[in-house]
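Colleague: Everything below, folded, please.
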Amino acid sequence: MLHHTIDPLYDGHSRVLILGSFPSVKSREQQFFYGHKQNRFWRVMAEVLGCPVPENVEQKKEMLLSNHIAVWDVIASCEITGSSDASIRDVTPNDLSRILNHADICAIYTNGGKAQQLYRKYMFPVNGREAVSLPSTSPANAGYSLEKLVEAWRIIRDGL
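Modeller: Numbering: from 1, shown residues only. From the prediction side, this is the model:
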């Protein structure tokens, strides 16, 4: 059983919450979200927000928080093989109340189908808040070019 050890990124000004499924091997090593060099999350967010692509964890935090964006994952612990969402089982969900009670979150988005599936199963029944599914920024989602991802992810600006 693996446990999520990365704290959620948010503050009292956060208005949008983006949820992944569970941190990849690289993210777990770096102790921060979307740590795999091939994951397009940071390039997509920089393009959507009109910012330079952040190069380190501090710049990543600054880019998100200064744009009122919170980031965390649906899963608190699970069995997983490597970084494969398809292998996820025995899920314990994270408790989103620590974010939802502290910040005025207006919109929730999930990064990929697995995060959306797990959100609907574990979190929606608890908080009753819909989440919009966005295409995964993972390198495994090769069907989406960077341009198509940016186009789809522009919707997050509506919640800001």
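Colleague: When you work out contacts or count neighbours from here on, use the C-alpha atoms and nothing else.
Modeller: Fine.
Colleague: tell me which element the closest residue to residue 41 other than its chain neighbours is part of?
Modeller: Closest residue to residue 41 apart from its sequence neighbours, by C-alpha to C-alpha, 6 or more residues apart in numbering: residue 137 at 5.3 Å. Remark: residue 137 resides in no helix or strand, with elements defined by DSSP states H and E.
Colleague: surely residue 137 meets residue 112?
Modeller: Yes - if you go by C-alpha atoms under 8 Å, residue 137 and residue 112 touch, sitting 7.4 Å apart.
Colleague: And those two? Which one has more around it.
Modeller: Between residue 137 and residue 112, counting by other C-alpha atoms under 10 Å, residue 137 is the more crowded of the two (25 against 20).
Colleague: This structure: helices as residue ranges?
Modeller: Along the chain, the segments classed as helices by DSSP state H run 25-30, 41-49, 57-66, 97-100, 113-118, 124-127, 146-153.
Colleague: can you put the ones you listed in CSV and add distance to residue 80?
Modeller: Output for the helices of the chain, formatted as CSV (distance: least, C-alpha to C-alpha, whole Å):
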stretch, distance to residue 80
helix 25-30, 10
helix 41-49, 21
helix 57-66, 25
helix 97-100, 25
helix 113-118, 13
helix 124-127, 23
helix 146-153, 26
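Colleague: Tabulate these (TSV), appending mean pLDDT and mean neighbour count.
Modeller: TSV is the format used below for the helices of the chain (pLDDT from 0 to 100; neighbours: other C-alpha atoms under 10 Å):
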stretch	mean pLDDT	mean neighbour count
helix 25-30	94	16
helix 41-49	98	20
helix 57-66	98	16
helix 97-100	96	15
helix 113-118	97	19
helix 124-127	96	12
helix 146-153	97	17
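Colleague: So which of those helices is nearest residue 75?
Modeller: Of all the helices of the chain, helix 113-118 sits nearest to residue 75, with 8.1 Å by C-alpha to C-alpha.
Colleague: now for that closest one, which elements pack on it?
Modeller: Counting contacts by 3 or more C-alpha pairs under 8 Å, 6 or more residues apart in numbering; DSSP states H and E, helix 113-118 is packed against strand 132-134.
Colleague: which strands and helices sit next to the strand it packs on?
Modeller: strand 107-111, helix 113-118.
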